[in-house]
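[1] Provided below for reference: sequence and predicted model.
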Amino acid sequence: MTVATLSEVLQKAKKDKYAVAGLVVLGWEDARCYAEVAEDLNLPVILQAGPGCRANTPVPILGKMFRYLADQSSCPVVCHLDHGYTKEECMEGIDSGFTSIMFDGSKLSLNENIEKTHEIAELAHKTNISVEGEIGFVGYNEGAESQNTDPIQAKQFAELSGCDAMAISAGNIHLQTNTSSSIDLDVIEQIEKLTDVPLVLHGSSGIDYPLRRSIANNTNVCKFNIGTELRKTFGDTLREEITNNPSIYDRIQLIKSTLPKLKETTKKVLENISQFSH
Ligand SMILES: [Zn+2]
């Protein structure tokens, strides 16, 4: 049984200069696939349930599912609730077996964001659950625009919110279907000078592999969130399988046929960022 908190895996990653992948889960098959690949590679992994996943499957079920997978694994598995927007959402995660909660107050004023993140961190820490906060705003491809993190605000946020990890905005964008994002390394460097809280990049599907690797090995960015890259592998493979096998109607069989490719992508993602630099 190796359920872990976000703080445990990120502090270790920061010390040894690698990063841990926060993999976006949409259901049982992908969650199991990620946990199996992490086990095969003997690497830590963060399974994360975002708003889309939670709209489809109730949080208590996701909590049980993630904890079941963590229990089967001999590598650290973090059970993470991604983008909780209210205290109620975060509390439901805390009560459902998640070991890490992201409170996303990035649309609030700095003071409100600090205050609310702090309130959730206090509640979560009572039962040794980690909290990720966000400062600055990570935008969405063809949606809301990003606002780069201000390093001074990041320092205040890190000091006052009590968060265990801090998601920042430095050119990363959610839902990118290509790897064209250019990351502002100066922003990361300035933030690192002011705080040593482990940093998180959401929207990392948009960052190319050599850059992810370099950031993982040379900065305090210890968590890369990857969703679109995995969803693309799943969607493209499923489409192909459905087209090539018009007489298969069974959902389990169809999803199963996507798993070898999904495993391949997961393996590439994990090996790229979680290897030691030395
Ligand atoms: Zn995100």
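    Okay, I see it.
[2] Pretty sure residue 180 sits against residue 207.
    No. The pair residue 180 and residue 207 does not pass the contact test of Cβ atoms under 8 Å, sitting 9.2 Å apart. Any C-beta I mention is one placed from the backbone N, CA and C, and that applies to glycine too.
[3] okay, those two: which has more neighbours?
    Neighbours of residue 180 and residue 207, each counted by other Cβ atoms under 10 Å, are more numerous for residue 207; the result is 26 against 10.
[4] Enumerate every residue touching that one.
    For residue 207, the contacting residues are 172, 179, 181, 183, 201, 215, 224, taking Cβ atoms under 8 Å, 6 or more residues apart in numbering as the criterion.
[5] Among these, the buried ones, what's the ChimeraX command?
    Of those, the buried ones go into a single ChimeraX selection, burial set by 16 or more other Cβ atoms under 10 Å:
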select :172,181,183,201,215,224
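[6] Going by distance to residue 26, which of the contacts of residue 207 wins?
    Taking Cβ to Cβ as the measure, residue 224 is the one of the contacts of residue 207 closest to residue 26, at 18.0 Å.
[7] show me where pLDDT drops low in the protein?
    1, 277-278 (pLDDT under 70).
[8] just the strands in it please.
    Counting by DSSP state E, residue ranges of the strands within the chain are 3-4, 20-25, 45-49, 77-84, 100-103, 130-135, 165-168, 199-201, 221-226.
[9] Show me what the fifth one is packed up against.
    For strand 100-103, the packing partners by 3 or more Cβ pairs under 8 Å, 6 or more residues apart in numbering; DSSP states H and E come out as strand 77-84, helix 87-95, helix 110-126, strand 130-135.
[10] Now tabulate those in a markdown table and tack on mean neighbour count.
    Compiled in a markdown table, the helices and strands packed on strand 100-103 are given as follows (neighbours: other Cβ atoms under 10 Å):
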| stretch | mean neighbour count |
| --- | --- |
| strand 77-84 | 27 |
| helix 87-95 | 18 |
| helix 110-126 | 18 |
| strand 130-135 | 28 |
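[11] which one of those lies closest to residue 267?
    Evaluated over the helices and strands packed on strand 100-103, closeness to residue 267 peaks at strand 77-84, with 16.2 Å, by Cβ to Cβ.
[12] so the closest one versus strand 20-25, what angle?
    Relative orientation of strand 77-84 with respect to strand 20-25: 70 degrees, computed using axes from the mean of the first three to the mean of the last three Cα atoms, to 10 degrees.
[13] on that earlier part again, include distance to residue 155 when you put the strands of the chain into CSV, please.
    Formatted as CSV, the entries for the strands of the chain read as follows, by distance: least, Cβ to Cβ, whole Å:
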stretch, distance to residue 155
strand 3-4, 27
strand 20-25, 23
strand 45-49, 25
strand 77-84, 23
strand 100-103, 19
strand 130-135, 10
strand 165-168, 10
strand 199-201, 12
strand 221-226, 16
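[14] hang on, isn't residue 203 packed against residue 173?
    Yes. Shown here, residue 203 and residue 173 form a contact pair, counting by Cβ under 8 Å, at 4.8 Å.
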